[in-house]
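How does the following fold in three dimensions:
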Amino acid sequence: MRIVYHVLSLAPAPLFLLGFIWSLLQTPTVCSAWPYEMAVMWFVMFVAHLPAWILFGQQLYFSRN
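Residues are numbered from 1 along each chain as shown. Sure, this is the predicted structure:
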């Protein structure tokens, strides 16, 4: 169960980062007000889910020391 918790809590950040990179590489759509609004959304979601990675890294660091 612990592995499932780690996967579910850590999986969103890399996926949102990939979405950010993908949306930067795509051509802008015609119907958007600003061509990079989806890239900004993906980046904000990546930053919002980044604390799980920070806490995971701290747990690994402090468990070794």
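
mind listing what's buried in the helix or strand where Met41 lies?
Secondary structure assignment for Met41, by DSSP states H and E: helix 37-48. Neighbour counts using 16 or more other Cβ atoms under 10 Å place Met38, Ala39, Trp42, Phe43, Met45, Phe46 of helix 37-48 among the buried residues. For glycine as for every other residue, the C-beta is placed from the backbone atoms N, C-alpha and C.

elements contacting the helix or strand following that helix?
Counting by DSSP H and E, the next helix or strand C-terminal to helix 37-48 is helix 50-64. Under the contact definition 3 or more Cβ pairs under 8 Å, 6 or more residues apart in numbering; DSSP states H and E, helix 50-64 sits against helix 2-10, helix 12-25.

tell me the average confidence for helix 50-64?
The average pLDDT for helix 50-64 rounds to 91.

what angle do that helix and helix 12-25 make?
130 degrees (axes from the mean of the first three to the mean of the last three Cα atoms, to 10 degrees).

Tally up the residues packed near Leu55, please.
12 (other Cβ atoms under 10 Å).

And for the one 5 residues further on?
For Leu60, the count of nearby residues is 9 (other Cβ under 10 Å).

Got the confidence number for the most centrally placed residue in the chain?
The residue lying closest to the centre of the chain (Cα atoms, centre = their mean) is Ala13, at 2.4 Å. Looking at Ala13, its pLDDT is 95.

Look up the closest residue to it, ignoring the ones flanking it.
Computed as Cβ to Cβ, 6 or more residues apart in numbering, the closest residue to Ala13 that is not its neighbour in sequence is His49, at 4.3 Å.

Just list the residues touching the one you found, thanks.
Pro12, Ala13, Phe16 (Cβ atoms under 8 Å, 6 or more residues apart in numbering).

do you know how far the first one is from Gln26?
Distance, Pro12 to Gln26, by Cβ to Cβ, to the nearest Å: 21 Å.
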